[in-house]
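# attaching a predicted model along with its sequence, questions to come.
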Amino acid sequence: MLAGKKIILGVSGSIAAYKAVFLLRLLTKAGADVKVLMTPSAKEFVAPLTFSALSHNPVLIDFSTPDGSWNNHVDLANWADFIILAPASANSLGKFALGLCDNLLLATFFSASCPVYIAPAMDREMYTSASIKDNIALLAKQKRIIIPSEEGELASGLHGEGRMAEPENIVTFITGHLAKSLPLYGKKALVTAGPTYEAIDPVRFIGNYSSGKMGFAIAEELANKGAEVTLIHGPVSITNTNSSIKKISITSADEMYQSCVKHFPEMDITVMSAAVADYKPAKAAKEKIKKSGENLQLDLIQNPDIVAALGKVKKAKQLLIGFALETHDELKNASAKLKKKNLDAIVLNSMRTKGAGPGGDTNKITIIDRQNKNTTFELKAKTEVASDIVTYILKCLKK
Ligand code: CTP
């Protein structure tokens, strides 16, 4: 959620400025690019050098720098995806609320059209005083986002409301708030990925070349758009970066079937990109099969068709998307699968296209819908293909 985000951390003059150091650490560890702006009085509490060493960016305090150049508050505000004011002292809070602008941090705040999170920090009587309460209410009315102060021991020795929210809680608050603005927030998604392995004996299996890259990329993209994602995958050697994805590792088609049937009823979106083995040995040998000098015949029986089983119980509000891997009569075969399995759409990969299909990093797809309308995309990285598929899903959900 915070990876790659450009954040301005505004630190004002409060003893809680020391907690802003930990907050900065959490933000940079999560992959954010953070620029710290301090009010002149904040320097009394924490040295700017601490923030600049941890943010790997210069700390900005004044409108101009010693070499005579200008710290442009408008550029700074435009650069940021969002601003966090933590700690917001009583003095800065009042100026934010009332439009007073006598330092760089305030000027940047007033130039910002991005979301601004404000974490007040002050002593109990100050925090509960009528004018501070009015200023906080005013800021909330101005659509600034207040991160409530917490109750506990205060720097003065008093106990009560006013201490700045703990850095971990600030991060949780912000990520939760950002998630709500994502287009798939509140949606549950199921994705299948990778191959299945069908046991022949304890050391051998029937498998396929699927790497899971396509399904993992789709899961990642859905999660990045705010969906709560469950990823059921066969044996793969890749992983996801979005830690919110719930991963369920299975080996065989039967295990994938059980897991999908269990989770499907609660899903809004299901994308079945796994390369499920259609057949399995009728009986897996308990012991390793020894060479006999003769040919070996394996008796194969059909695996359950997972997506077809889901298609049978699918409710009208559930979106079910399958994949079709074809070598010939691609559109005709894929469209027949869509109807037979009761899918809302099918993503066709042709094995005849160089660079498409299982194993590689690229894919070329055609999405076919129930009205037989098809959209063909260029050959591109599987991460970009995942983005096209999720864009298509967003369009379907809007209909
Ligand atoms: N699929 C499935 N269960 C199976 C086989 C396939 O859920 N036992 C799903 C795949 O995940 C994919 C879709 O069905 O979403 C189509 O898979 P594909 O291998 O292209 O087609 P099959 O239905 O297996 O048909 P065939 O192999 O005969 O082309």
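Looks like it came in fine.
# now the helices: where do they sit in the stretch 151-300 of the chain?
Remark: helices assigned in the stretch 151-300 of the chain by DSSP state H, counting those that start in this stretch are 167-180, 213-224, 253-263.
# could those go into a markdown table alongside distance to P40 and mean pLDDT?
From N, CA and C alone the C-beta is placed, and that goes for glycine too. What follows is the helices of the stretch 151-300 of the chain, written out as a markdown table (distance: least, CB to CB, whole Å; pLDDT from 0 to 100):
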| stretch | distance to P40 | mean pLDDT |
| --- | --- | --- |
| helix 167-180 | 23 | 95 |
| helix 213-224 | 39 | 96 |
| helix 253-263 | 55 | 98 |
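# can you redo those as a markdown table with mean neighbour count and distance to S14?
Below are those laid out as a markdown table (neighbours: other CB atoms under 10 Å; distance: least, CB to CB, whole Å):
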| stretch | mean neighbour count | distance to S14 |
| --- | --- | --- |
| helix 167-180 | 16 | 14 |
| helix 213-224 | 26 | 35 |
| helix 253-263 | 18 | 47 |
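# for those helices, which one sits closest to G13?
Across the helices of the stretch 151-300 of the chain, the minimum distance to G13, taken as CB to CB, is reached by helix 167-180, at 18.2 Å.
# so the nearest residue to A80 once chain neighbours are set aside bridges to which residues?
Closest residue to A80 apart from its sequence neighbours, by CB to CB, 6 or more residues apart in numbering: I8 at 4.5 Å. Here I8 sits in beta bridges with K35, I83, going by DSSP bridges.
# measure I8 to M272 for me?
Applying CB to CB, to the nearest Å, the value for I8 to M272 is 43 Å.
# now V34
40 Å.
# got it, and V11?
49 Å.
# and the two? Which one has more around it.
Taking neighbours as other CB atoms under 10 Å, V11 and M272 compare with V11 leading, 34 against 26.
# tell me the pLDDT at the more buried one?
We note a pLDDT of 98 for V11 in this prediction.
# next, give phi and psi for it.
Note on V11: backbone dihedrals following degrees, to the nearest 10 are phi -110, psi 120.
# who in the stretch 51-200 of the chain is up against the ligand?
For the stretch 51-200 of the chain, the residues in contact with the ligand (CB under 6 Å from any ligand atom) are T192.
# what residue in the stretch 51-200 of the chain comes nearest to the ligand?
The minimum distance from the stretch 51-200 of the chain to the ligand, using CB to the nearest ligand atom, falls at T192 (6.0 Å).
# so what's the closest residue in space to that residue that isn't next to it in sequence up against?
Among residues not flanking T192 along the chain, A274 sits closest, at 3.7 Å (CB to CB, 6+ apart). By CB atoms under 8 Å, 6 or more residues apart in numbering, the residues touching A274 are 192-196, 210, 215, 232-234, 256, 306.
# how much space between the residue lying closest to N242 once chain neighbours are set aside and Q142?
Nearest non-adjacent residue to N242, counting by CB to CB, 6+ apart: A223, 4.2 Å away. A223 sits 32 Å away from Q142, going by CB to CB.
# cool, T192 as well?
46 Å.
# compare these two (neighbour count), which wins?
Per other CB under 10 Å, whichever of T192 and Q142 has more neighbours is T192, with 31 against 11.
# so the more buried one touches M256, yeah?
Yes. Here T192 reaches M256: they are 6.3 Å apart, a contact under CB atoms under 8 Å.
# give me the common contacts of these two.
Counting by CB under 8 Å, 6+ apart, the residues touching both T192 and M256 are 232, 274, 276, 306.
# mind picking the two most distant members of those?
Spanning the widest gap among the shared contacts of T192 and M256 are I232 and V276, at 10.7 Å by CB to CB.
# neighbour count winner among the two?
The neighbour comparison of I232 against V276 (other CB under 10 Å) goes to I232, with 27 against 24.
# give me the beta-bridge partners of that one?
T192, I248.
# that one reaches V191, doesn't it?
Yes. I232 is in contact with V191 according to CB under 8 Å; the separation is 7.4 Å.
# common neighbours of these two, please.
Common neighbours of I232 and V191, using CB under 8 Å, 6+ apart, do not exist here.
# how close does the residue nearest to N242 get to V347?
Taking CB to CB as the measure, A223 falls 19 Å from V347.
# which residue ranges make up each domain of the protein?
What automatic domain parsing lists as the domains of the chain is 6-179, 188-284+297-398.
# find the nearest non-adjacent residue to D278, please.
That would be N303: by CB to CB, 6+ apart, it lies 5.9 Å from D278.
# what's the neighbour count on that neighbour?
18.
# OK, contacts around it?
Residues near N303 by CB under 8 Å, 6+ apart: 196, 198, 253-254, 257, 276-280.
# same deal with L104?
37, 60-63, 71, 73.
# do whichever helix in the chain runs longest and the ligand meet at all?
Using DSSP state H, we find that the single longest helix of the chain is helix 382-398. No. Judged by CB under 6 Å from any ligand atom, helix 382-398 stays clear of the ligand, getting no closer than 12.3 Å.
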